[in-house]
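whatever this is, show me its structure:
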Amino acid sequence: MVACMKKAIKIKSDLTTEERNLLSVAYKNVIGSRRASWRIISSIEHKEEQKGNEQHVKTIRDYRKKVEKELAEICEDILGLLDTVLIPAAETGEAKVFLYKMKGDYHRYFAETAPGETQKNNALDAYAKASEIATTTLAPTHPIRLGLALNFSVFYYEIMKSAEKGISLAKTSFDEAVTELDSLDEDSYKESTLIMQLLRDNLTLWQEDMQESGDGTQVEDA
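Predicted structure coming up:
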């Protein structure tokens, strides 16, 4: 599916809403399995280290590095398309927010496994740019703006380890959307409230975690 979408982009770089959604799904399908694998492998590696099984640890570590390489290649591929083709071709506020959000997402995925601050900073810049455009072009109830708030807040909480910023962003976005729900039609209402529920679920988990000082979990993505 990724190959098909890349061919489509060569023909027409200013994508429709449906085409953007297909692009997002295509890359999310290939990145999602690697992210899940990396988390499982890292957990097993940690357990084997605690047991002192050095031979097992070496084998697991080699496989983890292989998965990290695949993750990096996928992220670099889509980020290259976003920077050189898709974002420059975007004309509407909605398209720009969608694509800058996507850029932030893939720098965030990259940051989960890459050392250093580069990917974190790039993700922060992309999310901030998307938020700036969203504030002036999209209603608080718009699904793309809500999805951006969801993922940006996860970035603050999980990657930047800034629980306060993550909670504040999620709560502000949820509260702003609640005040305008009555103006939505039935289809928009369902889509927006689904993402709002994810925001509220995260808020509940994160606030409980801060009170208990335990391990936080999140519901992502939009």
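
who's in contact with residue 146?
Residues in contact with residue 146 (C-beta atoms under 8 Å, 6 or more residues apart in numbering) are 140, 173, 177, 192, 195, 196, 199, 222. From N, CA and C alone the C-beta is placed, and that goes for glycine too.

if you could redo that for residue 78, that was the one I meant.
The contact partners of residue 78, taken as C-beta under 8 Å, 6+ apart, are 27, 102, 106.

take the residues you listed and lay them out in JSON lines including distance to residue 149.
Output for the contacts of residue 78, formatted as JSON lines (distance: C-beta to C-beta, whole Å):
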{"residue": "27", "distance to residue 149": "21"}
{"residue": "102", "distance to residue 149": "15"}
{"residue": "106", "distance to residue 149": "18"}
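
in helices, which of the residues you listed fall?
27, 102, 106 (DSSP state H).

tabulate those (JSON lines), appending neighbour count and distance to residue 3.
Converted to JSON lines, the ones in helices among the contacts of residue 78 look like this (neighbours: other C-beta atoms under 10 Å; distance: C-beta to C-beta, whole Å):
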{"residue": "27", "neighbour count": "22", "distance to residue 3": "11"}
{"residue": "102", "neighbour count": "25", "distance to residue 3": "18"}
{"residue": "106", "neighbour count": "24", "distance to residue 3": "18"}
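
from these, pick the one nearest residue 135.
Residue 135 has its nearest neighbour among these in residue 102, at 18.0 Å by C-beta to C-beta.

could you check the pLDDT of the closest one?
In this prediction, residue 102 carries a pLDDT score of 98.

over to residue 197?
What the model reports as pLDDT for residue 197 is 97.

now do the SS call for it.
What DSSP: H, G, I helix; E, B strand; the rest coil gives for residue 197 is helix.

let me see the contact set for it.
For residue 197, no residue counts as a contact, taking C-beta under 8 Å, 6+ apart as the criterion.

the bottom helix or strand of the chain by mean pLDDT?
Within the chain, confidence by mean pLDDT, DSSP states H and E is lowest for helix 2-11 among all helices and strands, at a mean of 89.

run through who's touching that helix.
Contacting residues not belonging to helix 2-11 are listed as 15, 19, 22, 23, 26, 27, 30, 77, 81, 85, 86 [C-beta under 8 Å, 6+ apart].

tally of neighbours for the last one?
Same thing as residue 86. 23 (other C-beta atoms under 10 Å).

what's the closest non-adjacent residue to it?
For residue 86, the nearest residue in space outside its immediate sequence neighbours is residue 99; the separation is 5.3 Å by C-beta to C-beta, 6 or more residues apart in numbering.

next up, the contacts around the one you found.
With contacts defined as C-beta under 8 Å, 6+ apart, the neighbours of residue 99 are 20, 82, 86, 87, 90.

so which residue is smack in the middle of the protein?
When the chain is reduced to its mean C-alpha position, the closest residue under C-alpha atoms, centre = their mean turns out to be residue 105, at 3.4 Å.

from residue 49, how far off is that residue?
Computed with C-beta to C-beta, to the nearest Å, the distance linking residue 105 and residue 49 is 30 Å.

pretty sure residue 122 contacts residue 108?
No. Between residue 122 and residue 108 there is no contact, the gap being 9.2 Å when judged by C-beta atoms under 8 Å.
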